[in-house]
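**Student:** Kindly generate the corresponding structure for this input.
(one chain, ligands or ions: 1)
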Amino acid sequence: MTSAQSIPQYRTQPGRRWAVANLHPEHCPVCDDELRIISRGEDGKTFVSTCECVNVRRRIRLYNQAHLPAAYHDKRIESFDAKSRNQHAALHEIKKFRDKGAPGDSGLLLVGAPGVGKTHLVTALLRFLVLERGVECRYVDSFQLLEQLKATFDAGSGSSVLMEEVSSVDVLGLDELGKTKPTGWQHQVLDQIISRRYDQGLTTFVISNYALERPRRQGRGANPDPLNLRETLEERVGSRIFSRLMEMCRPVIIDGDDRRIPSVWRS
Ligand SMILES: [Zn+2]
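**Tutor:** Numbers count the residues shown, from 1 in each chain. Presented below is the predicted three-dimensional model:
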């Protein structure tokens, strides 16, 4: 082993189904992929130590289990381009969790119109937690989650690995909440997931295009605001799930342009 040899790092890229990470370079020159190093001490005795690449490999495994969206594989907190006051405030909350947060702490409920960077912020935080802290995280789009669970149940298996993953992972990113208005079994399943996370005190980051409350006054004619104000998140997911989420997460309103936000949204 020479001093020029260094531990491989991770490299992320878009995979076919989600973002993937690999060891870069693929080969560890320090341990020759043996994962352990045999050294000889001054007294002539040999001792075995674990190679540092083991930790990098573990984080890569966690990243590949997190299922971050492929297009977001390299989104960083630092590369978020905050323009509006609300985007700066949301970025501040994400940075606060990055610097001081830990699994078990309250998550965030990011609410705002499509395209303002909610998914960027949450996936960038999950990326950081997985790769820099080694925290077990999972991202899921709630619409796809319910579709996939339905396929599992239709196939005749009552419980699913996916259900277990999202119910028990240390940090969950739940995107597009409210996109599907869950009814019947869908509502039951979503309620079960949120209840289990609530009971276990697990951290959840929720993203939604639906408002937390209905604006008191609306302008004449069509509402130009892209936020979906026709229904609130509570109306979309039901009071029980909504009130749990409000206890588990700190609500953060995010929009690209402050001027488009009805006054009721301004905090
Ligand atoms: Zn190694």
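
**Student:** from here on, contacts and neighbour counts on C-alpha atoms
**Tutor:** OK.

**Student:** which ones are touching residue 11?
**Tutor:** The neighbours of residue 11, taking Cα atoms under 8 Å, 6 or more residues apart in numbering as the test, are 21, 22, 23, 24.

**Student:** Quick check: it is in a strand.
**Tutor:** Yes: counting by DSSP: H, G, I helix; E, B strand; the rest coil, residue 11 is located in a strand.

**Student:** in the sheet, who's paired with it?
**Tutor:** residue 22 (DSSP bridges).

**Student:** Tell me how far it lies from residue 50.
**Tutor:** Residue 11 is 22 Å from residue 50, where distance means Cα to Cα, to the nearest Å.

**Student:** do residue 144 as well
**Tutor:** Residue 144 is 40 Å from residue 50, where distance means Cα to Cα.

**Student:** Burial check on residue 248, number of neighbours?
**Tutor:** Counted with other Cα atoms under 10 Å, residues neighbouring residue 248 total 24.

**Student:** out of everything not next to it in sequence, what's closest to it?
**Tutor:** Nearest residue to residue 248, sequence neighbours excluded (Cα to Cα, 6 or more residues apart in numbering): residue 106, at 5.4 Å.

**Student:** does the one you found really touch residue 204, like I thought?
**Tutor:** Yes: counting by Cα atoms under 8 Å, residue 106 does reach residue 204; the two are 7.3 Å apart.

**Student:** Need the three-state assignment for residue 205.
**Tutor:** Residue 205 - assigned by three-state DSSP - is strand.

**Student:** Please name the bridge partners of it.
**Tutor:** What pairs with residue 205, by the bridge criterion (DSSP bridges), is residue 173.

**Student:** wait, what's in contact with it?
**Tutor:** 107, 108, 109, 110, 122, 171, 172, 173, 174, 249.

**Student:** Skip ahead from the lowest-mean-pLDDT helix or strand in the chain and say which helix or strand is next.
**Tutor:** Taking mean pLDDT, DSSP states H and E as the measure, the chain has strand 228-232 as its least confident helix or strand, at a mean of 75. For strand 228-232, the following helix or strand on the C-terminal side (DSSP states H and E) is helix 233-237.

**Student:** contacting residues for residue 256?
**Tutor:** When contacts are counted by Cα under 8 Å, 6+ apart, residue 256 touches 83, 84, 86, 87, 115, 116.

**Student:** any idea which helix or strand carries the third one?
**Tutor:** Applying DSSP H and E as the criterion places residue 86 in helix 85-100.

**Student:** ok so, going back, narrow the contacts of residue 11 to just the buried residues.
**Tutor:** By neighbour count, with 16 or more other Cα atoms under 10 Å, the contacts of residue 11 hold 21, 22, 23 as buried.

**Student:** Brilliant, that's me finished.
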